[in-house]
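S.K.: This is a predicted model, with the sequence first.
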Amino acid sequence: MARAALQVLAGFTLLFCSASASQDHAVCNHIKSQLGNDIVSPTESTYEALSTENWSQTVWAKPSCIIQPTNADQLSHVVSTVVDWGVEFAVRSGGHSVVPGAANINGGVLIDLANFNTVEYNADQQVAVVGSGLRWKEVYTSLDQYNVTVVGGRVLDVGVGGLTLGGGLSYLADLYGLVCDNVVNYEVVTANGTIVNANAESNPDLFWALKGGANNFGVVTKFTLKTYDIHDAWGGVRVYSLDALPALFEALYQYQSVANKDPYANIMLQAFPTNASIGAILNIVYLKPEQEPEAFAPFRNITPLADLTKLQTLTELMLAAPVPELTRVNWFSASFTNDKEVFDKVADLVSKSPELDDLTNLTAGSLAFGWQPISSSAVLAGQAHGGNTLGLQPVNQTWLVLDVGWWSPDDDELAHNYTSSIINKVNDVTKSKGHYLDYIFMNDAAADQPVIEHYGAKSVAKLKKTAKKYDPDGVFQDLASGGFKLP
């Protein structure tokens, strides 16, 4: 009886999978008959490159087709058709996310926003309308001719869409808030194919929800961003040996503990405790063309192995930042407030934990940590712009990210577990000392970190209410199930 039941169950499973695949291909063929060359199927020469365009191999996938709409009307048709047919889908902006399913999909339909690729600058209104398929390098270089910039990503290969909808950390944050705080309008295709604008006057609940609410409400086609008269800057990277880490952490603590931090000064410490040949890298940014400003005085007596700081444009400065070439990638995020004892304990954990040896023993295994100082002024600036979903506290804090890389798919689980163990130890220390912050930065979070749940009960309730209004059937929870979903 048991064997017969299993055979019946297996038969139903095969039938369901076959029917699902057939439905996927049917909707792909249906849309292709209407949109033509904007649909890429697995038999076409460009399919392999497009299906593996995502940054980390851990999120490469095989969609039944890849659809590249060229305007909001086409996208509206694609979304409403896919939803009507009940086919699962994913949406890709730049494909930098390491969260499986967030920007690619096995089976189903991948909606690739690459053709939403224009930047329109309006000098009178001091805004730029930016296509959601762009990467930040393209945005900045387009605006350089006008000597303005936007509050955008620090890694130029990252897509505009994912970073902005996740909150977005910028070198301009202390002045103007996070990336999401500087959006003045979203053009959005909702689950039923309706094209709406969300801003402070029109659909203000959706406008608020998209400031950190990720892909839970619709597909954003354009972001209208505030622009600022920042062009020339000073800074770059300084490279140190791992032996300099204690002095660098001491300087970081001094830098983050000043009563009135210079909002034009920005810094991030990256170190590779598993790779002494790379050592530690200090990213230094000053948003004015002034050399060696006083804000960076704590670092002056630490001698670097190489100093690449200079006067240059902000875009040039970010272009020069090193981005490691890794095969398989994951990352984890944690947040805590400033305290010398906590600094020292967390510094020991991220540079000396035994899990680092375990990671090194994986094929091409490595770990880097990023120490990202966040000033209270960044949170206050966001509140002044109308607030966001994130539930941030206006205090000086650190957003820590652990970046792990490895080579073999066989090591996926081990790499995840070793790195998760370190981040759990960090959280245990900060909780025990009363400096833990109940916030996980989405853009640096692992798939199993409960990001939106940590925005706070009030924010979550408001997000759910908004989702019920604009997506009553839960399309972006069920059919587009990848990414950070509402709890």
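M.R.: Now that the structure is in, tell me what you want to look at.
S.K.: Tell me who's in contact with the spatially most central residue of the chain.
M.R.: Closest residue to the average C-alpha location of the chain: Asn443 at 2.9 Å, with CA atoms, centre = their mean. By CB atoms under 8 Å, 6 or more residues apart in numbering, the contact list for Asn443 reads Gly162, Leu163, Gly166, Gly167, Gly168, Leu169. All C-beta spots, glycine's among them, are computed from the backbone N, C-alpha and C.
S.K.: again, only this time at 7 Å
M.R.: Leu163, Gly166, Gly167, Gly168, Leu169 (CB atoms under 7 Å, 6 or more residues apart in numbering).
S.K.: Return the member of the residues you listed nearest to Thr224.
M.R.: Thr224 has its nearest neighbour among the contacts of Asn443 in Gly168, at 14.8 Å by CB to CB.
S.K.: All the strands of the stretch 251-400 of the chain, residue numbers only.
M.R.: Taking DSSP state E, counting those that start in this stretch, the strands of the stretch 251-400 of the chain run over residues 265-271, 280-286, 306-307, 310-313, 328-337, 366-374, 397-406.
S.K.: Could you dump those into JSON lines with distance to Gln256 and mean neighbour count added?
M.R.: Shown next, in JSON lines, are these (distance: least, CB to CB, whole Å; neighbours: other CB atoms under 10 Å):
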{"stretch": "strand 265-271", "distance to Gln256": "9", "mean neighbour count": "23"}
{"stretch": "strand 280-286", "distance to Gln256": "14", "mean neighbour count": "24"}
{"stretch": "strand 306-307", "distance to Gln256": "22", "mean neighbour count": "12"}
{"stretch": "strand 310-313", "distance to Gln256": "25", "mean neighbour count": "16"}
{"stretch": "strand 328-337", "distance to Gln256": "10", "mean neighbour count": "23"}
{"stretch": "strand 366-374", "distance to Gln256": "5", "mean neighbour count": "23"}
{"stretch": "strand 397-406", "distance to Gln256": "7", "mean neighbour count": "23"}
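S.K.: Of all those strands, which one is nearest Gly193?
M.R.: Nearest to Gly193, of all the strands of the stretch 251-400 of the chain, is strand 328-337, at 34.3 Å by CB to CB.
S.K.: helices or strands next to the closest one in the packing?
M.R.: With contacts defined as 3 or more CB pairs under 7 Å, 6 or more residues apart in numbering; DSSP states H and E, strand 328-337 has these neighbours: strand 397-406, helix 412-432.
S.K.: quick one: the first one to chain centroid distance?
M.R.: Right, strand 397-406. A distance of 12 Å separates the centroid of the chain from that of strand 397-406, by CA atoms, centre = their mean, to the nearest Å.
S.K.: re the thing from before, possible to save the helices and strands packed on strand 328-337 as CSV with distance to Ser333 and mean pLDDT?
M.R.: What follows is the helices and strands packed on strand 328-337, written out as CSV (distance: least, CB to CB, whole Å; pLDDT from 0 to 100):
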stretch, distance to Ser333, mean pLDDT
strand 397-406, 5, 97
helix 412-432, 8, 98
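S.K.: Just send those back as TSV, with distance to Leu311 too.
M.R.: Below are the helices and strands packed on strand 328-337 laid out as TSV (distance: least, CB to CB, whole Å):
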stretch	distance to Leu311
strand 397-406	28
helix 412-432	37
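S.K.: of those, which approaches Met268 most closely?
M.R.: strand 397-406 (9.5 Å).
S.K.: what's the closest one in contact with?
M.R.: Residues contacting strand 397-406 (CB under 7 Å, 6+ apart): 324, 326, 328-338, 346, 350, 359, 362-374, 415, 419, 422-423, 426, 437, 441, 444.
S.K.: what do you get for stretch 424-442?
M.R.: For stretch 424-442, the surrounding residues in contact (CB under 7 Å, 6+ apart) are 166-167, 212, 214, 333-337, 339, 341-342, 345-346, 349, 353, 390-393, 397, 399-400, 449, 451, 454, 484.
S.K.: Run through the protein and note the low-pLDDT ranges.
M.R.: 1-19, 37 (pLDDT under 70).
S.K.: Now do the domain split for it, please.
M.R.: 12-112, 119-229, 232-451 (automatic domain parsing).
S.K.: what's the span of the last one from first residue to last?
M.R.: Between the start and the finish of domain 232-451 there is a gap of 35 Å, counting by CA to CA, to the nearest Å.
S.K.: Now do that domain: distance to the chain's middle.
M.R.: Domain 232-451 has its C-alpha centroid displaced from the chain centroid by 15 Å (CA atoms, centre = their mean).
S.K.: How about the secondary structure of the residue nearest to the centre of the chain?
M.R.: On the three-state scheme (DSSP: H, G, I helix; E, B strand; the rest coil), Asn443 is labelled helix.
S.K.: count of neighbours near Ser80?
M.R.: Applying other CB atoms under 10 Å, we find 16 residues neighbouring Ser80.
S.K.: Over to the one 3 residues further on?
M.R.: The criterion is other CB under 10 Å. On that basis, Val83 has 19 neighbouring residues.
S.K.: repeat for Val429
M.R.: Val429 is flanked by 20 other residues according to other CB under 10 Å.
S.K.: what's the distance between it and Val350?
M.R.: Per CB to CB, to the nearest Å, Val429 is found 11 Å from Val350.
S.K.: before we move on, what about Ser64?
M.R.: Relative to Val350, Ser64 is positioned 41 Å away (criterion: CB to CB).
S.K.: One more: Asp448?
M.R.: Taken as CB to CB, the span from Asp448 to Val350 is 20 Å.
S.K.: for Gly159, same thing?
M.R.: Gly159 sits at a distance of 28 Å from Val350 (criterion: CB to CB).
S.K.: ok, back up a step: ranking the domains of the chain by burial, who's on top?
M.R.: Mean neighbours per residue, mean count of other CB atoms under 10 Å, is largest over those for domain 119-229, with a mean of 21.
S.K.: and Gln74, which of the three is it?
M.R.: Relying on three-state DSSP, one would call Gln74 helix.
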